[in-house]
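S.K.: Got a sequence here, can you build the structure:
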Amino acid sequence: MIELFFTDKIKAAFRLGNPVVALESTIISHGMPYPQNVETALSLERIVLDGGAVPATIAILNGKVKVGLSPEEIDYLGQPGTNVEKVSRRDIPFIVSAGKNGATTVAATMIFAAKAGIKVFATGGIGGVHRGGENSLDISADLQELANTNVAVVSAGVKSILDIGRTLEYLETMGVPVIGFGVDEFPAFYTRKSGFGVDYRLDDSKEIAKVLDTKWKMGLKGGVLIGNPIPEQQQMKPEVIEEAIRKALLLAEEKGIKGKAITPFLLGGIKDLTEGDSLFSNIRLVENNAALAARIAVDLSTL
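M.R.: The predicted structure is shown next:
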């Protein structure tokens, strides 16, 4: 049994039946440079609060699974040089038993959110099938977690460094519903369109909450992926981001970067190649997701 450690604010939210939104911590330790990582994490918490829900940023600190972090703990996770492991499902027992610090990925955040009773989680983009994954079998554990864990994930789609088509095929095989919020086409993280459709388009957070409530009351195991496109004025030009991804992938191959290190490496390389434009888009899209997640959590709490 995993022991969870809650802040007083999260305990109060559960006691009062107030809606809670889970937030991941890899975005702090591995997704963005300092100080933008800490500023973004604190901004996400404010956005969730403004939306009527309580934010619960999740991480492992000194071997303890923390549901809800203080501003000081968020700053600690984001400081350059802090020894924080990137933690997915397979890593959890090693980081906890060794008393280490861990930043939770989508998969790990979903696990702890579900154990805490949190039904809605906002992130930037989920992991998926990597480009060339049909040969390397490099597939994120996020997809299996979506198939098995009862948490709704609000994201700006799949990170565009991945193979979006194969990722959606994998989700279909595993029975994971993919919703487009206000769109018929699945978003592609930095851009609003990917060229791939969604299973269902829903235009209102109340509709989404009703679907979630129905799915889980029927005993249908697993999560739901909600594709929330980046606001139009803040998206990047598809040709610009695709060229940056191509160059970053080539550099990763030259340097032999693989496994859990590949995504942070690619995101950092793309930021440099786009002269920081991709970082700006990344921040805006995850803030947009936090706002939608708060609305869904509030609506779900009324059902």
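S.K.: Give me the most central residue, this protein.
M.R.: Taking C-alpha atoms, centre = their mean, the centroid of the chain lies closest to residue 123, which sits 2.7 Å from it.
S.K.: what sits against it?
M.R.: By C-beta atoms under 8 Å, 6 or more residues apart in numbering, the contact set of residue 123 is 23-24, 27, 106, 109, 153-155, 286, 289. Backbone N, C-alpha and C define where each C-beta goes, glycine included.
S.K.: Which of the residues you listed sits closest to residue 43?
M.R.: Nearest to residue 43, judged by C-beta to C-beta, of the contacts of residue 123 is residue 286 at 8.9 Å.
S.K.: List the contacts of that closest one.
M.R.: 27, 40, 44, 122-124, 156.
S.K.: can you pull the buried residues of the lowest-mean-pLDDT helix or strand in the chain?
M.R.: Least confident element among the helices and strands of the chain, by mean pLDDT, DSSP states H and E: helix 262-273 (a mean of 72). Across helix 262-273, burial judged by 16 or more other C-beta atoms under 10 Å covers 262-271, 273.
S.K.: In the protein, mark out all the helices, start to finish.
M.R.: 8-16, 26, 36-50, 71-78, 92-97, 106-116, 133-136, 141-148, 164-173, 205-217, 238-255, 262-273, 277-301 (DSSP state H).
S.K.: Can you report how many residues lie near residue 186?
M.R.: Look at residue 186: counted by other C-beta atoms under 10 Å, it has 25 neighbours.
S.K.: do residue 42 as well
M.R.: Residue 42: 17 neighbours (other C-beta under 10 Å).
S.K.: if I pick it, what's in contact with it?
M.R.: 71, 74.
S.K.: which ones are touching the residue lying farthest from the centre of the chain?
M.R.: Largest separation from the mean C-alpha position in the chain: residue 254, at 28.0 Å (C-alpha atoms, centre = their mean). Listed by C-beta under 8 Å, 6+ apart, the contact set of residue 254 is empty.
S.K.: Please report how far it lies from residue 236.
M.R.: From residue 254 across to residue 236, the span is 24 Å (C-beta to C-beta, to the nearest Å).
S.K.: Distance of residue 19 relative to residue 252?
M.R.: 39 Å.
S.K.: Have a look at those two and say which one is more surrounded.
M.R.: residue 19 (24 against 18).
S.K.: So what's the residue count around residue 63?
M.R.: Using other C-beta under 10 Å, residue 63 has 13 neighbouring residues.
S.K.: And it, its phi and psi?
M.R.: Residue 63 adopts backbone torsions of phi 80, psi 0, taken as degrees, to the nearest 10.
S.K.: Settle this for me: it is touching residue 95, isn't it.
M.R.: Yes. Counting by C-beta atoms under 8 Å, residue 95 is a contact partner of residue 63 at 7.0 Å.
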